[in-house]
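>>> Give the three-dimensional model of this entry:
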Amino acid sequence: MKNKALIAVFLIFIISGCSKSAERYFNQGIELSRKKDFKTAAIFFQKSCDGGILKGCCNLGLLYDNGIGVQQNYSKAKELYEKACNGGNARGCSNLGALYNNGQGVQQNYSKAKELYEKACNGGSGMGCDNIGILYVNGQGVKQNYSKAKEFFKKACDGWNAKGCNDLGSLYVDGQGVKQNYSKAKELYEKACDGGNARGCNNIGLLYVNGQGVKQNYSKAKEFFKKACDGGSPYGCKNYSKL
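Now for the predicted structure:
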């Protein structure tokens, strides 16, 4: 009995040590990504994934998904996202759903995408919630339903997903699933913009151009279009150049 107890303690020590090493590999991958050394980052994410760090699998999947630091390979991305998702990583589920949504590495399947987005959303992924909302807006894999879209966009936004705030704001601008309300839209676009969503910044600019929910103000519009452009929005750049 004593020997068995010692063996159990020894195994726990080894597993703990491996887990710490895998976590270190993941952190090294993150640091290398910040330095734009994605090729080496991929090596460390692979090591962390092999060591059981699910977010390492997910991040490596993203590199394969986008062809950054590695040759683009949707099938490999799918394999890594599945490993992450099956282990309980919500972002992995959301990213896997996107592959089914877009038919990348798999046959396009909106119903499967929705199933994975729901798993992600229930697991705390705001991106997953937002993606379900998009399906309801477009009527993909589900019957078009703006009220349901609003429900999921709100859940995403409440979970600090900036894109969810922007998408919810757009429903208020168009009066889809909600009563048209430009002031509410501006509030949501501001939350999106402050959260780093460039499209949200551009949309605030449009409200100022059109005097919707705010007093018409081209200077303010230009300010937000520039912020959108600096954040990578081609719409923001285009609108900024017009003023």
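
>>> Next, give phi and psi for I43.
When read as degrees, to the nearest 10, the backbone of I43 gives phi -60, psi -40.

>>> any idea how far it is from S75?
As judged by C-beta to C-beta, to the nearest Å, I43 and S75 stand 20 Å apart. Bear in mind the C-beta positions are built from the backbone N, C-alpha and C, glycine included.

>>> Between those two, which is the more surrounded one?
A count of neighbours by other C-beta atoms under 10 Å puts I43 above the other of I43 and S75, at 17 against 12.

>>> show me the contacts for that one.
G29 (C-beta atoms under 8 Å, 6 or more residues apart in numbering).

>>> Swap in 10 Å and give it another go.
Listed by C-beta atoms under 10 Å, 6 or more residues apart in numbering, the contact partners of I43 are Y25, Q28, G29, L32, D37, L60, G69, V70.

>>> How far does whichever strand or helix holds G92 sit from its chain's centre?
Assigned by DSSP states H and E, G92 falls within helix 90-102. Distance, stretch centre to chain centre, for helix 90-102: 10 Å (C-alpha atoms, centre = their mean, to the nearest Å).

>>> Using CSV, write out every CA atom in that helix.
In CSV, the C-alpha atoms belonging to helix 90-102 read as follows (Å, rounded to 0.1, in the frame of the first residue of the first chain):
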residue,chain,number,x,y,z
ALA,A,90,-15.2,27.5,-26.1
ARG,A,91,-13.2,29.5,-28.7
GLY,A,92,-12.1,26.2,-30.3
CYS,A,93,-15.8,25.4,-30.8
SER,A,94,-16.6,28.8,-32.2
ASN,A,95,-13.6,28.6,-34.7
LEU,A,96,-14.6,25.1,-35.7
GLY,A,97,-18.2,26.3,-36.3
ALA,A,98,-16.7,29.0,-38.6
LEU,A,99,-15.1,26.4,-40.7
TYR,A,100,-18.5,24.7,-41.2
ASN,A,101,-20.1,28.1,-41.8
ASN,A,102,-17.7,28.9,-44.6
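
>>> Top of the contacts of I43 by number of neighbours, please.
Counting neighbours by other C-beta under 10 Å, L60 leads those with 31 neighbours.

>>> pLDDT at that one, what is it?
In this model, L60 is scored at 96, pLDDT.

>>> Quick check: the gap between E190 and E118.
29 Å.

>>> How many residues are close by L116?
L116: 27 neighbours (other C-beta under 10 Å).

>>> Which helix or which strand is home to it?
L116 is located in helix 110-122, with elements delineated by DSSP H and E.

>>> next structured bit after that helix?
Next along from helix 110-122, by DSSP H and E: helix 126-138.

>>> helix or strand right after that next one?
Next helix or strand after helix 126-138 toward the C-terminus (DSSP H and E): helix 146-158.
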